[in-house]
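> after the sequence you'll find the predicted model.
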Amino acid sequence: MKKRNFSSENRVDDDFVTGSLNWLLHARYVRGEHAVCLDLADQLQKQHENKHRYAHYVKGSVLADAGRLQEALEKYHSCIRLQPQDPEPLKQVAKCLSRQGRFQLSHEAYLEADKLTKHPDPDIYCALAECSWNLGELERGVEWARSAVQAGGGERSAALLAKLLLACDDVQGALNAYDQALSTHACGADTLAAAGALRLRAGDPRRAFQLLGAALAQQPTQHAAALALAAMMLQHKDLDAALARLKAALTAHPTCVAAHTNLGMALLAKKKYIAALTCLQRAVSAAPLSARAAHDLGAALLACRRPASAFCRLATAAALQPFQPYTVLLIGIALERLGDRRADAAYSRAVALASDDPLIRLNVAGRHARAGRLAEAVEEAAVAAQLLQNEDKPDAQLASSLATLLALLREAGVEVSRLPTSMPVADDVPAEDSEPTPGEDKLQPDEV
């Protein structure tokens, strides 16, 4: 049997063979053999007088993967010139423009590609929604995301729709979008974690726990789910489980500021002061402009009887976020422990920022009592009692502290008849030690 000779002598067979090499070109690119892929593309271009469309397309993809976006754009434009009705090169042009931060041009390119497609393309609609997000046109982005969902965009389009609705402050719409995605698609860990965090924010801890657990079961290093679960466990005083989740989150992302902050507060609750301060200091070092990190470090330093250092950190937090009443309250406590006269001004500022907060009112009452202003202490205690009474579920710890303060005022001979007759009752509140523990006596002195 005579062997066929695919040489340039037979032009028809040669065109067929070189055209069929597209599959090999694609296989080289998918395998990541970019050098071999480029050589093959150059060979095909020579054989076809630089008019091989797929060779231009693949070379553009290789250049785009290497970050050489402007050169990739030139290759994609060559494809468009050879066949202007093909939307795929135009989509890649729009993608390169988006990676360059030229979102308006990318948006226009995607619109042109949408005109060329014969059927609704969810990838184009998702890309248009992302461009609208980057351009600040959230309502238009929601419309494109809805179009992507209707076109069968799957999990990506539903998650993008929920993200845009949440940016528009439509929490219920975002929840519905996540519910639809979870009921119709097998979602990944990132979507499950985002849906669980939103459920936790919406006040549905049971459903949030299920979603976050599913995210961690699918991807144990999903740090967002680990952080949200740790926050739930800290609220329920399950410190050991919270520590395990936070350590897992830090294993996946060692520079996560929220994980370091929450881990520090959990260690502080377990009275591991040195480790807690180390974690909180790492959070502040990683995010020096984070008011939350500075606030938590100041609170920890205050608990460790270092009011001067605590005041410095809390002042930084107040400068970054001046309308946070609890930061101002802690500043007042730190100044009081330092014997500074400005403590009263800080307490008054905290009351002005949150006059209906029983915790702040109770602390102000304690300040007046310690300063010998017993009449003012009774007035503030009465306000705190009324605020606690107005709550559906009064905080048991605050009720216990209020009862202790009133007992001390009575021992001092102060008439407290102006207080409400039915005081909030504190049930199942663990007794607090009025004296410091031996471990607390050995804390390092403050740096003054």
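Yep, it's here. Numbers count the residues shown, from 1 in each chain.

> so who does Ala113 touch?
For Ala113, the contacting residues are 87, 90-91, 94, 121, 124, by C-beta atoms under 8 Å, 6 or more residues apart in numbering. (C-beta placed from N, C-alpha, C; glycine too.)

> that one sits in which helix or strand?
helix 103-116 (DSSP states H and E).

> neighbour-wise, which of the contacts of Ala113 leads?
Ala94 (28 neighbours; other C-beta atoms under 10 Å).

> just the pLDDT for that residue.
On pLDDT, Ala94 comes in at 91.

> which of the helices or strands spans the residue positioned nearest the centre of the chain?
Centre of the chain computed as the mean C-alpha position; nearest residue by C-alpha atoms, centre = their mean is Ala224, 7.1 Å away. Element membership of Ala224, judged by DSSP H and E, is helix 223-235.

> how's this structure carved up into domains?
What the record gives for the chain is the domain set 1-84, 255-354, 356-428, from automatic domain parsing.

> indicate which one of those is closest to Ala215.
domain 255-354 (15.7 Å; C-beta to C-beta).

> quick one on the thing from earlier: go ahead and name everything in contact with whatever helix or strand comes next after the helix holding Ala113.
Next helix or strand after helix 103-116 toward the C-terminus (DSSP H and E): helix 122-135. With C-beta under 8 Å, 6+ apart as the test, helix 122-135 has contacts from 91, 94-95, 98, 103-104, 106-107, 110-111, 113-114, 117, 138, 140-142, 144-145, 147-149, 151-154, 156-157, 160-161, 163-164, 167.

> in helix 122-135, what counts as buried?
Neighbour counts over helix 122-135 (16 or more other C-beta atoms under 10 Å) mark 122-133 as buried.

> repeat for stretch 320-328
Using 16+ other C-beta under 10 Å as the burial criterion, the residues of stretch 320-328 that qualify are 320, 324-328.

> and the furthest pair within these?
Taking C-beta to C-beta, no two of the buried residues of stretch 320-328 sit farther apart than Leu320 and Pro325, at 14.7 Å.

> quick check on the contacts of helix 122-135: which are buried?
Buried among these (16+ other C-beta under 10 Å): 91, 94-95, 98, 103, 106-107, 110, 113-114, 138, 140-142, 144-145, 147-149, 151, 153-154, 156-157, 160-161, 163-164.

> just the closest of the buried residues of helix 122-135 to Gln219, please.
Taking C-beta to C-beta as the measure, Gln219 sits nearest to Cys126 out of these, at 22.3 Å.

> what about the closest one, distance to Arg156?
According to C-beta to C-beta, to the nearest Å, Cys126 and Arg156 sit 6 Å apart.

> what's the overlap in contacts for the two?
Counting by C-beta under 8 Å, 6+ apart, the shared contacts of Cys126 and Arg156 are Ala148.

> can you tell me which of the buried ones among the contacts of helix 122-135 are in helices?
Of the buried ones among the contacts of helix 122-135, the ones assigned to helices by DSSP state H are 91, 94-95, 98, 103, 106-107, 110, 113-114, 138, 140-142, 144-145, 147-149, 154, 156-157, 160-161, 163-164.

> any low-confidence regions in the protein?
1-20, 416-448 (pLDDT under 70).

> other SSEs contacting whichever helix or strand Gln43 is part of?
Using DSSP H and E, Gln43 falls within helix 34-47. If contacts are counted by 3 or more C-beta pairs under 8 Å, 6 or more residues apart in numbering; DSSP states H and E, helix 34-47 sits against helix 11-20, helix 22-30, helix 53-65.

> wouldn't Gln100 be in contact with Leu69 here?
Yes - using C-beta atoms under 8 Å, Gln100 makes contact with Leu69 at a distance of 5.5 Å.

> ok, those two, which is more surrounded?
More crowded of Gln100 and Leu69, by other C-beta under 10 Å: Leu69, with 17 against 13.

> how about the buried residues of helix 122-135 in TSV, adding distance to Ala177?
TSV is the format used below for those (distance: C-beta to C-beta, whole Å):
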residue	distance to Ala177
Pro122	15
Asp123	18
Ile124	20
Tyr125	15
Cys126	13
Ala127	18
Leu128	17
Ala129	12
Glu130	16
Cys131	19
Ser132	16
Trp133	15
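
> and which of these is nearest Leu24?
Nearest to Leu24 among the buried residues of helix 122-135: Asp123, at 25.8 Å, using C-beta to C-beta.

> gap between the closest one and Glu130?
In this view, Asp123 and Glu130 are 11 Å apart by C-beta to C-beta.

> how close does the residue nearest to the centre of the chain sit to Pro205?
Using C-beta to C-beta, Ala224 is found at 16 Å from Pro205.

> one more: Tyr54?
Distance, Tyr54 to Pro205, using C-beta to C-beta: 53 Å.

> for Leu239, same thing?
Computed as C-beta to C-beta, the Leu239 to Pro205 distance reads 18 Å.

> same check, this time on Gly60
Gly60 sits at a distance of 49 Å from Pro205 (criterion: C-beta to C-beta).

> nearest residue to Leu301 other than its sequence neighbours?
Leaving aside its chain neighbours, Leu301 sits nearest to Ala310 (3.8 Å; criterion: C-beta to C-beta, 6 or more residues apart in numbering).

> how about Ala214?
Among residues not flanking Ala214 along the chain, Leu192 sits closest, at 5.2 Å (C-beta to C-beta, 6+ apart).

> what packs against the one helix or strand that neighbour maps to?
Assigned by DSSP H and E, Leu192 belongs to helix 189-201. Packed against helix 189-201 by the contact rule (3+ C-beta pairs under 8 Å, 6+ apart) you find helix 154-167, helix 171-184, helix 205-218, helix 223-235.

> other residues contacting the first one?
The contact list for helix 154-167, computed with C-beta under 8 Å, 6+ apart, reads 122, 125-126, 129-130, 133, 138, 141-142, 145-146, 148-149, 151, 171, 173-175, 177-178, 180-181, 184-188, 190-191, 194-195, 198.

> alpha carbons of it, as PDB, please.
Extracted C-alpha coordinates of helix 154-167, given in PDB (Å, rounded to 0.1, in the frame of the first residue of the first chain):
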ATOM      1  CA  GLY A 154     -25.500  29.200  36.900                       C
ATOM      2  CA  GLU A 155     -23.800  29.800  40.200                       C
ATOM      3  CA  ARG A 156     -21.600  32.700  39.000                       C
ATOM      4  CA  SER A 157     -24.500  34.800  37.800                       C
ATOM      5  CA  ALA A 158     -26.600  34.200  41.000                       C
ATOM      6  CA  ALA A 159     -23.700  35.000  43.300                       C
ATOM      7  CA  LEU A 160     -23.000  38.200  41.300                       C
ATOM      8  CA  LEU A 161     -26.600  39.200  41.500                       C
ATOM      9  CA  ALA A 162     -26.600  38.700  45.300                       C
ATOM     10  CA  LYS A 163     -23.400  40.700  45.600                       C
ATOM     11  CA  LEU A 164     -24.900  43.600  43.600                       C
ATOM     12  CA  LEU A 165     -28.200  43.600  45.500                       C
ATOM     13  CA  LEU A 166     -26.300  43.600  48.800                       C
ATOM     14  CA  ALA A 167     -24.300  46.600  47.500                       C
END
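
> right, I'll leave it there.
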